[in-house]
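>>> Have a look; sequence and predicted model below, questions after that.
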Amino acid sequence: MQKTLILLKPDAVQRRLVGEITRRFEQKGLRLAGLKLVQAPRELAEKHYAVHKGKPFYESLLTFLTSGPTVAMVWEGREAVAACRNLMGVTDGVKAGPGTVRGDLALSVQNNLVHGSDSPENAATEIALWFKPEDLVGYAITDSSWVG
């Protein structure tokens, strides 16, 4: 079963959208394996966005991610990375399709509510940044045979 990291960024928390966004992942049939509220320190933000270092928007990403609380989650399921990215929609909320988190709830490119890992390999790296192995919980969901 594939795991992925989802971050509900400070704008999602400040706009009180945590429950609404989390509901969408649950309703898809994914299993929540880890959840915590974090005030990300700069060092964590730098590691998380290391791939963007040197780009013009790098500093603004760091400033935004460290500006308030973030909800870090690990979701698990069949093709969890693709499933979550489809639920999120494209980065620009104006261009994201209706029915997606960003399409329904975001207008900004940077303040786009949510981050999701873009590959299983990056998911493993990102999960390790935000969670210790003992923070993740395994359990059986009674409806798992119905959702995939």
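It's in.
>>> Got the phi and psi for residue 46?
phi -60, psi -40 (degrees, to the nearest 10).
>>> Where does pLDDT dip in the chain?
Within the chain, no range satisfies pLDDT under 70.
>>> where along it do the helices fall?
10-14, 18-28, 42-48, 58-65, 80-88, 101-105, 120-130, 144-147 (DSSP state H).
>>> Of all the ones you listed, which one comes closest to residue 111?
helix 10-14 (4.5 Å; CB to CB). (Each C-beta comes from the backbone N, C-alpha and C, glycine too.)
>>> May I have the closest one as PDB, with CA atoms only?
Provided in PDB are the C-alpha atoms of helix 10-14 (Å, rounded to 0.1, in the frame of the first residue of the first chain):
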ATOM      1  CA  PRO A  10      -1.100  27.800   7.000                       C
ATOM      2  CA  ASP A  11      -3.800  29.300   4.800                       C
ATOM      3  CA  ALA A  12      -5.900  26.200   5.100                       C
ATOM      4  CA  VAL A  13      -5.600  26.300   8.900                       C
ATOM      5  CA  GLN A  14      -6.200  30.000   9.100                       C
END
